[in-house]
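Visitor: below are the sequence and a predicted model; questions follow.
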Amino acid sequence: NAGVMQNPRHLVRRRGQEARLRCSPMKGHSHVYWYRQLPEEGLKFMVYLQKENIIDESGMPKERFSAEFPKEGPSILRIQQVVRGDSAAYFCASSPPDREVGNTIYFGEGSWLTVV
Amino acid sequence: DAKTTQPTSMDCAEGRAANLPCNHSTISGNEYVYWYRQIHSQGPQYIIHGLKNNETNEMASLIITEDRKSSTLILPHATLRDTAVYYCIVRVSGTASKLTFGTGTRLQVTL
């Protein structure tokens, strides 16, 4: 059973370009979470999605950032007009459906975005 | 979700047991205790979780006090590869709610 798959693992973008990060959850998982980790800082929650729905986006910056989890295909975190402060590791995680009591969240290995 | 308190850092000699404490005095009855770790430049790794009974798996043991206000993660025979930041998190069960990470405990395993 493959784990949470993220790609690309490393991405370099010039200021003003767009960055798209993809996440394929573990098989059978219907919930996806995105976290950001700035250099030398902790993990910060960004957004929680189920298929075709955003459940909690309380940690998402109001501008330039968006996330989706379509019916088919991976979840996408999109950052428009990137700035140097967006340079960070972006981690995706997934979990099974709600009905599983104590359900566990598993993380991918991250996508490292560098804005030059 | 309830807040947790962990020591900032700890050292442990290789081969010895590492005991990482966590206080969660405001935990609710439907909140689980989860432990994750993050090895440098890697994604957070799930270790173990529990509600009120002690739990053990191939990685670690989790000891939860009877009043559930604190817990201890035990790595029975620490190795250099266990050097990481360890996070204790409480989270409501039965829903796919998010994990909220604190600052964790930086465990350094030494020769």
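Guide: Received, thanks.

Visitor: residues of chain A that sit close to chain B?
Guide: Neighbours of chain B within chain A, by Cβ under 8 Å from any Cβ of the partner chain: A:4, A:31, A:33, A:35, A:42-45, A:48, A:50, A:56, A:89, A:91, A:93, A:95-99, A:101-110. For the C-beta atoms, the positions are set from N, CA and C on the backbone; glycine is no exception.

Visitor: where do the strands sit along chain B?
Guide: B:9-13, B:18-23, B:31-38, B:45-50, B:55-56, B:61-64, B:70-75, B:84-92, B:105-110 (DSSP state E).

Visitor: spatially central residue in chain A, please.
Guide: A:Trp34 (3.3 Å; Cα atoms, centre = their mean).

Visitor: so what's that one bridging to?
Guide: Beta-bridge pairing for A:Trp34 (DSSP bridges): A:Val47, A:Cys92.

Visitor: which residues touch it?
Guide: A:Trp34 sits next to A:Cys23, A:Met46, A:Val47, A:Ala67, A:Ser75, A:Leu77, A:Tyr90, A:Phe91, A:Cys92, A:Ala93 when contact means Cβ atoms under 8 Å, 6 or more residues apart in numbering or on different chains.

Visitor: which among those residues gets closest to chain B?
Guide: A:Phe91 (5.3 Å; Cβ to the nearest Cβ).

Visitor: state the pLDDT value of B:Gly15.
Guide: If you check B:Gly15, the pLDDT there is 97.

Visitor: any chance of the strands of chain B in JSON lines, plus distance to A:Pro8?
Guide: Shown next, in JSON lines, are these (distance: least, Cβ to Cβ, whole Å):
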{"stretch": "strand B:9-13", "distance to A:Pro8": "33"}
{"stretch": "strand B:18-23", "distance to A:Pro8": "34"}
{"stretch": "strand B:31-38", "distance to A:Pro8": "20"}
{"stretch": "strand B:45-50", "distance to A:Pro8": "21"}
{"stretch": "strand B:55-56", "distance to A:Pro8": "36"}
{"stretch": "strand B:61-64", "distance to A:Pro8": "35"}
{"stretch": "strand B:70-75", "distance to A:Pro8": "33"}
{"stretch": "strand B:84-92", "distance to A:Pro8": "25"}
{"stretch": "strand B:105-110", "distance to A:Pro8": "29"}
